[in-house]
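> give me a model of this one.
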Amino acid sequence: MSMHEHEHEHEHEHQTEVFSLFDQDGNEVFFHKLGEVEDEGNLFWVCEEVFLNDARDMIEDLGEVYIFKADETPEGIMLEGVEYETAKKVFEKWQQSIPDIEEMFFEEEDEE
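Sure thing, here's the model as predicted:
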């Protein structure tokens, strides 16, 4: 996907921010941001494709994870697709930054 300004829609039940991009064929594709990663002076968004219901107010299903380079411009955030090797590197860095859920659970249990 090439650079596009994203639009915001809000899903109020789950407080998940959903935005859309247009692919090279002009199809609107919806995503939600899982996180951000800084690497070599660049900011990247880790996003997951989402499939919305017909009313576009609820996520019905989840798709693939995509990595976008995020650049701030006077018009807003511009997202640009990245090469596979960059995406792989950024995704691995993002995974390492996520706390281990199991560890968090056991730490909370130990504190009680």
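> where do the strands sit along this structure?
Under the criterion DSSP state E, the chain contains strands at 4-5, 7-11, 16-22, 28-39, 42-52, 59-73, 76-81.
> list the buried ones in the third one?
The reference is to strand 16-22. Val18, Phe19, Ser20, Leu21 (16 or more other Cβ atoms under 10 Å). Using the backbone N, CA and C atoms, a C-beta is placed for each residue, glycine as well.
> Gly35: which of these is nearest?
Nearest to Gly35, judged by Cβ to Cβ, of those is Phe19 at 14.5 Å.
> looking only at residue counts, what's the top helix in the protein?
Secondary structure of the chain per DSSP state H: the longest helix is helix 84-97.
> what about that one, distance to the chain center?
From the chain centre to the centre of helix 84-97 is a distance of 13 Å (Cα atoms, centre = their mean, to the nearest Å).
> please export the C-alpha coordinates of it as CSV.
The C-alpha coordinates for helix 84-97 follow below in CSV (Å, rounded to 0.1, in the frame of the first residue of the first chain):
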residue,chain,number,x,y,z
TYR,A,84,9.3,-7.5,3.8
GLU,A,85,12.7,-7.5,5.6
THR,A,86,11.9,-4.2,7.4
ALA,A,87,8.4,-5.4,8.3
LYS,A,88,9.8,-8.7,9.8
LYS,A,89,12.5,-6.8,11.8
VAL,A,90,9.9,-4.2,13.1
PHE,A,91,7.4,-7.0,14.0
GLU,A,92,10.0,-9.0,15.9
LYS,A,93,11.0,-5.8,17.8
TRP,A,94,7.4,-5.1,18.6
GLN,A,95,6.8,-8.7,19.8
GLN,A,96,9.8,-8.4,22.2
SER,A,97,8.3,-5.2,23.6
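> who's in contact with that helix?
Outside of helix 84-97, the residues within contact range by Cβ atoms under 8 Å, 6 or more residues apart in numbering are Leu34, Gly35, Val37, Asp39, Phe44, Val46, Val65, Tyr66, Ile67, Lys69, Val82.
> now do the same for the first one: its pLDDT.
Looking back up the chat, that one is Leu34. You'll see Leu34 listed with a pLDDT of 94.
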